[in-house]
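Visitor: below is the sequence, then the predicted model.
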Amino acid sequence: MYRRLIGILLIAGCMVACRSNKKDVADLIYFQNLHDSLNVQVLVGNGYKILNTKVKDGKLLVCSSKMGEDFSVLHLIDLSNKQVVARKELKTLRYYEVLSDFDDHRFVYCSIYDGSKVFFYDFRNDLETVLTVEHSSWVEAGDIVLQNNSLYYIRSVYGPYLWNIKEDKLHTYDQHRDTRNPQLSNISYPLDTNLAVLSREQSGRDSLKLYAVDASGSEKWTAVTECRDGASLFVPEMIMTEDAVIVNSGRQLVKLNKQNGATLATRKFDDLISSVFHLKSEIVVFSVHRGVAFPDEKTKSKVLVNGLRTDSLSDGWSASFDVTGMPQFGLINGRLFLSDHDSIRAIDAYNGRTGQNGPGKESYTKMLTDTHTGKYYLLLNDEIMIW
């Protein structure tokens, strides 16, 4: 235990030395609550800029680019042994246009400008193949997800697609040319081997349309839920549980029956939901009340945190905090983190009580969800991953 603590402090000390000579209280609060950590930047290479990250089945996919080069590099890191297990330079695509994902033996990637030409790299056999999606000259997306030998296209202006690779069949779901917000096109997590829920903007309405599809792409049921923040940067979330799908559609959570899409429970909020975390029997919701549309680093806001029961979406506990600037939210090891321009707080995820707190600093946190297991990871300043 003592050696582990020394190691943690050394890592935190290295981060401090790189950015500041002052004691970094904010980083220490994160590190005091971790189970493990990984310096991603060191594994990828200090000359590389990390562009995108994904976690699936305990492995981290990092897309990065080296200064002075116009292509990107994929690294696959096994988080259990903290080793790079696969690497691929993508010299056929510019670094800014790459969409990528992976499975147990291959990378998949394509251009954000042309989703119909898809590259597969088998890193076990060092073999690259290129496939073209049939009748798909108009396929575009902001992200791709590989699951069960199907490729999902999400963050698309015209809604989600599913390409059944084995059958070479592209499934579309009520595509409308007047649909405009690609942020509303998403997929449910954790990924289910039998069912996925896709979302898209409901054309001409303040609502979100959901499509439950099986592994082949066939539609099983649909549902519509209110979504009055379609013009914002809001991204809907669909959280898969054992028997239900919990949907964050902006200012409300809706629990749907996984088998038929029937509404089981609804919980409305006064303000836009910023983050949702699932902890088995509990759902934790962060929402922010702002007095201005475009806050800056000095803007005062109030953050409301609600702990809801997963079965009914009823209140278990709640807490509120005054913040300055743009708040950031995180979760590791049963601890919630709320940071802003001035401070950082560690909050017990099961009762809302504040634990450690201290002065804040300029830092950036990004939450990653393992798309297969649902486990949460926190990436600090695009350098250190903690969990």
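Guide: Received the coordinates, thanks.
Visitor: where along the stretch 101-250 of the chain do the strands fall?
Guide: 106-111, 114-122, 127-132, 143-147, 150-154, 161-164, 169-172, 186-187, 196-201, 207-213, 219-226, 237-240, 244-248 (DSSP state E, counting those that start in this stretch).
Visitor: neighbouring strands - and their directions - for the fourth one?
Guide: Here strand 143-147 has these sheet partners by DSSP bridges: strand 150-154 (antiparallel).
Visitor: with the second one instead?
Guide: According to DSSP bridges, strand 114-122 forms sheet pairs with strand 106-111 (antiparallel), strand 127-132 (antiparallel).
Visitor: which stretch among the ones you listed comes nearest Leu43?
Guide: Among these, the nearest to Leu43 by Cβ to Cβ is strand 106-111 (16.7 Å). C-beta: built from backbone N, CA, C; applies to glycine.
Visitor: just the C-alphas of that closest one, formatted as PDB.
Guide: The C-alpha trace of strand 106-111 is given here as PDB (Å, rounded to 0.1, in the frame of the first residue of the first chain):
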ATOM      1  CA  ARG A 106      -8.700  -5.700 -36.100                       C
ATOM      2  CA  PHE A 107      -8.900  -2.000 -36.500                       C
ATOM      3  CA  VAL A 108     -11.600  -0.500 -38.700                       C
ATOM      4  CA  TYR A 109     -11.400   3.100 -40.100                       C
ATOM      5  CA  CYS A 110     -12.800   5.300 -42.800                       C
ATOM      6  CA  SER A 111     -13.000   9.000 -43.700                       C
END
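Visitor: now that strand, how far from the centre of its chain.
Guide: Distance of strand 106-111 from its chain centroid, counting by Cα atoms, centre = their mean, to the nearest Å, is 19 Å.
Visitor: and for stretch 219-237?
Guide: Using Cα atoms, centre = their mean, the offset of stretch 219-237 from its chain centre is 16 Å.
Visitor: repeat that for stretch 364-384.
Guide: Counting by Cα atoms, centre = their mean, stretch 364-384 comes out at 8 Å from the chain centroid.
Visitor: in it, what's buried?
Guide: In terms of neighbour count (16 or more other Cβ atoms under 10 Å), stretch 364-384 has its buried residues at 365, 367-372, 374-384.
Visitor: take these and keep only those in strands.
Guide: Judged by DSSP state E, strands contain the following of the buried residues of stretch 364-384: Thr365, Met367, Leu368, Thr369, Tyr376, Tyr377, Leu378, Leu379, Leu380, Ile384.
Visitor: quick check: the second one touching Met385?
Guide: Pointing back at Met367 there. No. Met367 is not in contact with Met385 according to Cβ atoms under 8 Å; the separation is 10.8 Å.
Visitor: quickly list what's touching both of these two.
Guide: Residues touching both Met367 and Met385 (Cβ atoms under 8 Å, 6 or more residues apart in numbering): Tyr377, Leu378, Leu379.
Visitor: state the distance from the second one to Leu233.
Guide: Distance, Leu378 to Leu233, by Cβ to Cβ, to the nearest Å: 21 Å.
Visitor: and what of the last one?
Guide: The span separating Leu379 from Leu233 equals 19 Å under the rule Cβ to Cβ.
Visitor: next one: the first one
Guide: Here the criterion is Cβ to Cβ. By it, Tyr377 lies 22 Å from Leu233.
Visitor: same thing with Gln175?
Guide: 23 Å.
Visitor: which one's more surrounded, the two?
Guide: It is Gln175, of Gln175 and Leu233, that has more neighbours when counted by other Cβ atoms under 10 Å, with 15 against 8.
Visitor: so what's the more buried one closest to, chain neighbours aside?
Guide: Excluding its sequence neighbours, the residue lying closest to Gln175 (Cβ to Cβ, 6 or more residues apart in numbering) is Tyr158, at 4.9 Å.
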